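1. Sharing a sequence plus its predicted fold:
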Amino acid sequence: MVLSCARDGDVGARSRAPVEVLEARRRSLAAGRWRWLRQCHGDGVVVLDPEESCEGREADALVSTVPGAPLAVFSADCALVGLASREGVVGAVHVGWRGLLAGVLERTAATMGSVGATGIAAVVGACIGPECYEFGEADLAPIEARYGPSVSSRTSAGTPALDLRAGVHRALESAGVRVATDFARCTACDPGWFSWRARRDSGRHALVVATAP
């Protein structure tokens, strides 16, 4: 798995970089033809066919058993989660608050299990931290009801906040997924990452997952 950051440049699906520059950036991170989706903050999971490009399909998670096929998800504040199993089944998930509440992580783990995965491990990328993520109490309530009080927090100004990372951990735990690595960085506080909420960055960093060819 590879997690890019701001110094790697904008590698997102809507990057404004010339095609040759964008492809060079992506190749420097992970060789092969990247597969990605039109992310829509839901619970959709796509199981990749060997010849499918996926570009333009709406969903927030990709699952693959195809060796050497890089799966990419993009973000500028939402959590990016890579999943892998010893059987060679991999997944890549984009998790915003709506997707978290919809159960996209649990659905992705279940989909991986349906194609043979056991003992799934996760890498959790950088995402916005609660200190920067002011959140309405009405929107926070159903997330807290599903994942418990650990998802409720306070911003640095003392206003109600969502702890997205805590929610991701609770969802993975409920799905029986072990967190192997967590890049516990706040994308809004740390200029080393892209942030739409803090800086209106148009760029996107990526998490790329692939099995060995």
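-> Arrived safely. On a predicted model such as this, the values are computed, not experimentally measured, just so you know. Numbers count the residues shown, from 1 in each chain.
2. contacts, neighbours, all on C-alpha from now
-> OK.
3. how close does the residue nearest the centre of the chain get to residue 160?
-> When Cα atoms, centre = their mean is applied to the chain, the residue found nearest the centroid is residue 80 (1.8 Å). Using Cα to Cα, to the nearest Å, one gets 23 Å for the distance from residue 80 to residue 160.
4. Check residue 195 too.
-> Counting by Cα to Cα, the gap from residue 195 to residue 160 is 20 Å.
5. who has more neighbours, the two?
-> residue 195 (26 against 19; other Cα atoms under 10 Å).
6. what's that one in contact with, if anything?
-> Residue 195 is in contact with 76, 77, 128, 187, 188, 201, counting by Cα atoms under 8 Å, 6 or more residues apart in numbering.
7. For it, what are phi and psi?
-> Phi and psi for residue 195, reported as degrees, to the nearest 10, are phi -140, psi 120.
8. And the pLDDT at it?
-> We have a pLDDT of 97 for residue 195.
9. Which pLDDT value belongs to the residue nearest to it when sequence neighbours are not counted?
-> Spatial nearest neighbour of residue 195, excluding adjacent residues (Cα to Cα, 6 or more residues apart in numbering): residue 76 at 4.5 Å. Looking at residue 76, its pLDDT stands at 97.
10. Distance check, residue 76 against residue 43.
-> Residue 76 is 19 Å from residue 43, by Cα to Cα.
11. So between those two, which is more surrounded?
-> residue 76 (28 against 23).
12. In this structure the residue nearest to residue 195 contacts residue 203, no?
-> Yes. The pair residue 76 / residue 203 is scored as a contact, 7.1 Å apart, by Cα atoms under 8 Å.
13. shared neighbours, these two?
-> With Cα under 8 Å, 6+ apart, residue 76 and residue 203 have common neighbours residue 194.
14. Give me the contacts around the host helix or strand of residue 165.
-> Assigning secondary structure by DSSP states H and E places residue 165 in helix 164-174. Here helix 164-174 makes contact (Cα under 8 Å, 6+ apart) with 79, 95-97, 100, 103, 105-106, 127-130, 147, 150-151, 178-179.
15. swap the cut-off to 6 Å and go again
-> Contact with helix 164-174 is made by residue 151, as judged by Cα atoms under 6 Å, 6 or more residues apart in numbering.
16. Which SSE is immediately downstream of that helix?
-> Counting by DSSP H and E, what follows helix 164-174 is strand 178-182.
17. Parallel or antiparallel, which strands does that next one pair with?
-> Strands adjacent to strand 178-182 in the sheet, as given by DSSP bridges, are strand 121-124 (parallel).
18. Can you check what angle separates whatever helix or strand comes next after the partner strand from helix 164-174?
-> Where DSSP H and E defines the elements, the next helix or strand beyond strand 121-124 is helix 137-147. Here helix 137-147 runs at an angle of 30 degrees relative to helix 164-174 (axes from the mean of the first three to the mean of the last three Cα atoms, to 10 degrees).
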